[in-house]
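1. Sharing a model that was predicted from the sequence below.
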Amino acid sequence: MRVFECSQCGVCADGHVWGFALLATQGWGLAAATNPPGAVERAWLCEACCARAENLARGLSKLSAPKPRERPREGQRLKVLIIDDHLLMLRSMVRMLAGCETMITTSPREAWAALQSAHFDVVVSDVMMPEMSGPELYARCFAYSPELARRFIFASADPILAQREIERTAQALGVTTPPPLLSKPTSRSALMSAVATVAHGTAHESGTYVLRLTDEISTNRG
């Protein structure tokens with residue numbers, strides 16, 4: 001028999017020379033580093049000190065690990081906030097996003113309050129609105145959380161003017177890739193594509209959906 005001493009708290013226990021009794025039956029373990037270096041006989045940790053060391057390691061791991069971007073889980077309904085001062089447009093988008101959990105409002109200020117208190121996977125916003133424009137709401141969200149601002153999609157009946165406003169705001173904020181812009185009225189496929197792209201963090205090019213719709217219209221007219 002041999003006496004083993006915990007390298008942290010100094011508690012002692014009897015065990016076989018190879019320490020199997022400590023490891024297997026009493027919950028002891030080996031210290032990550034010996035004290036003094038090379039002193040194998042003092043390289044043990046008792047059960048309590050082992051538990052403390054494991055808890056500390058887990059805590060440090062959580063502190064050092066980067067926080068992953070929130071993404072909807074497989075099979076989970078996307079939560080979408082839609083802001084537009086035209087109620088008919090809101091109702092139309094809700095129908096097109098029937099598979100999503102939607103919240104609608106005609107007030108950008110009400111939307112701003114909701115965005116500070118609840119999580120949304122995607123924010124679909126009109127551009128020109130009376131009390132606060134879509135780009136102004138986007139700028140507020142960017143100052144509050146750049147991650148939140150990356151969930152924006154804009155929609156406008158005047159995409160050319162809207163694109164200028166969006167790009168002006170993005171430039172002032174130092175954003176290299178502004179949110180995508182949909183032309184109103186939009187198709188269900190274009191809206192769903194934009195929502196899926198933003199919700200899953202897929203890279204997009206500003207104006208992609210507007211240009212695509214414009215090309216489709218030109219082709220049909222030709």
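-> All right, it came through fine.
2. Count the neighbours of T197 for me.
-> Neighbour count for T197, taken as other Cβ atoms under 10 Å: 17. Heads up, the C-betas are built off the backbone N, CA and C, glycines and all.
3. Test my guess that it contacts A190.
-> No: the pair T197 and A190 fails to qualify as a contact (Cβ atoms under 8 Å) at a distance of 10.7 Å.
4. How is the protein divided into domains?
-> According to the domain assignment given by automatic domain parsing, the chain is divided into the following structural domains: 2-64, 79-221.
5. Could you identify which of those domains has the lowest mean pLDDT?
-> Within the domains of the chain, the least confident segment by mean pLDDT turns out to be domain 2-64, at a mean of 54.
6. Touching, A162 and S125? I think so.
-> No: the pair formed by A162 and S125 falls short of the contact definition of Cβ under 8 Å, at 10.6 Å.
7. what touches both of these two?
-> When Cβ atoms under 8 Å, 6 or more residues apart in numbering defines a contact, the residues bordering A162 and S125 alike are F154.
8. In the chain, what residue spans correspond to helices?
-> 20-25, 47-64, 87-96, 108-117, 134-144, 146-149, 159-173, 188-199, 208-221 (DSSP state H).
9. Tell me the helices and strands packed up against the fourth one.
-> Looking back up the chat, that one is helix 108-117. The helices and strands touching helix 108-117, judged by 3 or more Cβ pairs under 8 Å, 6 or more residues apart in numbering; DSSP states H and E, are strand 79-83, strand 101-105, strand 122-126, helix 134-144.
10. Kindly export the longest one (C-alpha atoms) in CSV.
-> Extracted C-alpha coordinates of helix 134-144, given in CSV (Å, rounded to 0.1, in the frame of the first residue of the first chain):
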residue,chain,number,x,y,z
GLY,A,134,-37.3,51.5,-43.9
PRO,A,135,-33.7,52.6,-44.2
GLU,A,136,-34.0,54.7,-41.0
LEU,A,137,-35.4,51.7,-39.2
TYR,A,138,-32.5,49.6,-40.6
ALA,A,139,-30.0,52.2,-39.4
ARG,A,140,-31.5,52.0,-35.8
CYS,A,141,-31.3,48.3,-35.9
PHE,A,142,-27.7,48.4,-37.1
ALA,A,143,-26.6,50.7,-34.3
TYR,A,144,-28.5,48.4,-31.8
